[in-house]
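Visitor: have a look at this prediction, sequence included:
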Amino acid sequence: MTRIAKLPLALICTALALPAWADGPLSFNASLTSDYRYRGISQSRLKPALQGGADFAHDSGFYLGTWGSTIKWIKDSGGDASTEFDFYGGYKKEIAAGLTLDVGLLKYVYFNHELAVSPDTLELYGALSAGPATLKVSRSTSNLFGFSDSKGSMYYDLSATFDLGNGFSLTPHVGRQTVKRNGSYSYTDYSLTLNKTVGAVTWGVAAVDTNTDAYVGAKGKDLGKAGVVLSAKLAF
């Protein structure tokens, strides 16, 4: 079985292993994207990626989930991992009329990465949503994605989702990544995403850009350059 074929199977197995006490809905998703951009930086060398995830949501507001994607940047850095797995849990609740709090913990894992400095990353996050807008702040409690001595790096995310009707939505976003003690890799990213939901499938087109050229992939590819990303996501 190829590593790509193993990805959906691993996600399903992880979801089945989540606690049985979750009396809220269990949901799954699978998607294909023309370029896996995370915080504006391509994780897939500007190439397509296969992705999928599973989530439990408890009526109390607690939730658990897992998500994964094929990637290329670990191999481009001299390692061996071709997949990223994320594991997260948190609490989300409306704390006042129209104001929602979301706090949690997110672990990024790259199994068998074989890099000298581990890319595995643990982040704490907190978000406040009011109306269509959300402000989210994340702080790494470990080194950030393989940067040495980068514990305490921050990501600030301001975004909004506007319902345009007829299944269309528009999401502008701006984010700021700071890399502790590796300042030349700090940057700002921007995106504007138009989605159209048809049944269980959401089609997306996003314009993405950053203000950095410090992230370079194989053959000198600028992983943070401006680009257009197409996606299709199935929810079930």
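Guide: Cool, the structure landed.
Visitor: now for the nearest residue to residue 198 once chain neighbours are set aside: which residues touch it?
Guide: Spatial nearest neighbour of residue 198, excluding adjacent residues (Cβ to Cβ, 6 or more residues apart in numbering): residue 167 at 6.3 Å. Quick note: C-beta positions are derived from backbone N, CA and C, even for glycine. Counting by Cβ atoms under 8 Å, 6 or more residues apart in numbering, residue 167 makes contact with 196, 197, 198.
Visitor: out of the helices and strands in the chain, which is least certain?
Guide: helix 3-16 (a mean of 46; mean pLDDT, DSSP states H and E).
Visitor: so what are the sheet partners of the helix or strand just after it and their directions?
Guide: Next along the chain after helix 3-16, taking DSSP states H and E as the criterion, comes strand 26-33. In the sheet, strand 26-33 lines up against strand 49-57 (antiparallel), strand 227-235 (antiparallel) (DSSP bridges).
Visitor: reformat those strands as TSV; add mean neighbour count.
Guide: Compiled in TSV, these are given as follows (neighbours: other Cβ atoms under 10 Å):
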stretch	mean neighbour count
strand 49-57	21
strand 227-235	16
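Visitor: for residue 201, see how far away the residue nearest the centre of the chain is.
Guide: Nearest to the geometric centre of the chain sits residue 38, at 5.8 Å (Cα atoms, centre = their mean). From residue 38 across to residue 201, the span is 22 Å (Cβ to Cβ, to the nearest Å).
Visitor: helices along this protein, start to end?
Guide: Ranges of helices within the chain are 3-16, 73-76, based on DSSP state H.
Visitor: which residues does residue 171 contact?
Guide: 159, 160, 161, 162, 191, 192, 193, 194, 195.
Visitor: scan these and report the most crowded one.
Guide: Neighbour counts for the contacts of residue 171 (other Cβ atoms under 10 Å) peak at residue 191, which has 20 neighbours.
Visitor: from residue 160, how far out is that one?
Guide: From residue 191 to residue 160 the distance is 12 Å (Cβ to Cβ).
Visitor: what is in contact with the two at once?
Guide: Counting by Cβ under 8 Å, 6+ apart, the common neighbours of residue 191 and residue 160 are 171, 172.
Visitor: residue most distant from the centroid, this structure?
Guide: residue 97 (28.1 Å).
Visitor: next, give phi and psi for it.
Guide: phi -60, psi 120 (degrees, to the nearest 10).
Visitor: any idea how far it lies from residue 62?
Guide: Distance, residue 97 to residue 62, by Cβ to Cβ: 22 Å.
Visitor: now, which of the contacts of residue 167 sits nearest residue 88?
Guide: Closest approach to residue 88 among the contacts of residue 167 (Cβ to Cβ): residue 197, at 23.6 Å.
Visitor: from residue 177, how far off is the closest one?
Guide: Residue 197 is 29 Å from residue 177, by Cβ to Cβ.
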